[in-house]
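Visitor: Predicted coordinates and the sequence they were generated for:
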Amino acid sequence: MASYTARELANAFRTVRRNTIQIAEDIPEAKYDFVPAPGTKSVSELLRHIAFAPMVQLEMHREQRVSTLAGFDFQALIARVGAAERQPRGKTEIVELLHGEGERFASWLESLDDGFLNETFTDPTGQHPKTRLEALMGAKEHEMHHRGQLMLMERLVGVVPHLTRQREERARGRQSAASGVS
């Protein structure tokens, strides 16, 4: 059976975070207050949310090493994360935060052993066991969800996302090669 290791998990998270950081760098600071629709987060708010979201996983799996979510105080945790997210920050500080918090989380992920990743915990009813690996992969999935939102926001403020630029460059390279032009 194939095994997904802590190193692979950490590297996958680093890849996702690297792409998020590129988006944060590509969006002009003057557009960090852009809100795409009423009731949604601004670019700055979304980037700060992404930076601090792994705090949830760290608290549950590193600090408390939960075996069940029964009695887990999500409200207190979300309040702490929210307080960190609400602190105003400029573009440079947000990019540094994404780097620092991302590497802190990835380094911790990389340090985990298979035994830890295979441990299970249950939902608040004490049922539906889930492995720590499943839960920790959720941090990457959560960031990718928000990164999709950021890529749309880039388009709305006139920035072509870097992954689109890279894909278009590869297509131009293939066309040039096919036509014999160097």
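Guide: Yep, it's here.
Visitor: what residues are up against residue 66?
Guide: The contact partners of residue 66, taken as Cβ atoms under 8 Å, 6 or more residues apart in numbering, are 60, 72, 121. To be clear about C-beta, it is placed using only N, CA and C from the backbone, and glycine gets the same treatment.
Visitor: Hmm, I typed the wrong one, I wanted residue 114.
Guide: By Cβ under 8 Å, 6+ apart, the contact set of residue 114 is 3, 5-6.
Visitor: any idea which of those has the most stuff around it?
Guide: For these, the largest neighbour count, defined by other Cβ atoms under 10 Å, is 18 neighbours, found at residue 6.
Visitor: Could you report the distance from the residue nearest to that residue when sequence neighbours are not counted to residue 142?
Guide: Leaving aside its sequence neighbours, residue 6 sits nearest to residue 112 (Cβ to Cβ, 6 or more residues apart in numbering; 4.1 Å). Per Cβ to Cβ, to the nearest Å, residue 112 is found 18 Å from residue 142.
Visitor: So the two - more neighbours on which side?
Guide: When residue 112 and residue 142 are compared for neighbours, residue 112 comes out ahead with 20 against 17, by other Cβ under 10 Å.
Visitor: Got phi/psi on the more buried one?
Guide: Dihedral pair for residue 112: phi -80, psi 150, per degrees, to the nearest 10.
Visitor: That one contacts residue 4, doesn't it?
Guide: No: Residue 112 lies out of contact with residue 4 (Cβ atoms under 8 Å); the separation is 11.5 Å.
Visitor: where's residue 29 relative to residue 67, distance?
Guide: With the distance defined as Cβ to Cβ, residue 29 ends up 44 Å from residue 67.
Visitor: part of a helix, is residue 143?
Guide: Yes: when DSSP: H, G, I helix; E, B strand; the rest coil is applied, residue 143 is found to be in a helix.
Visitor: I'd like to know how many residues surround it.
Guide: 23.
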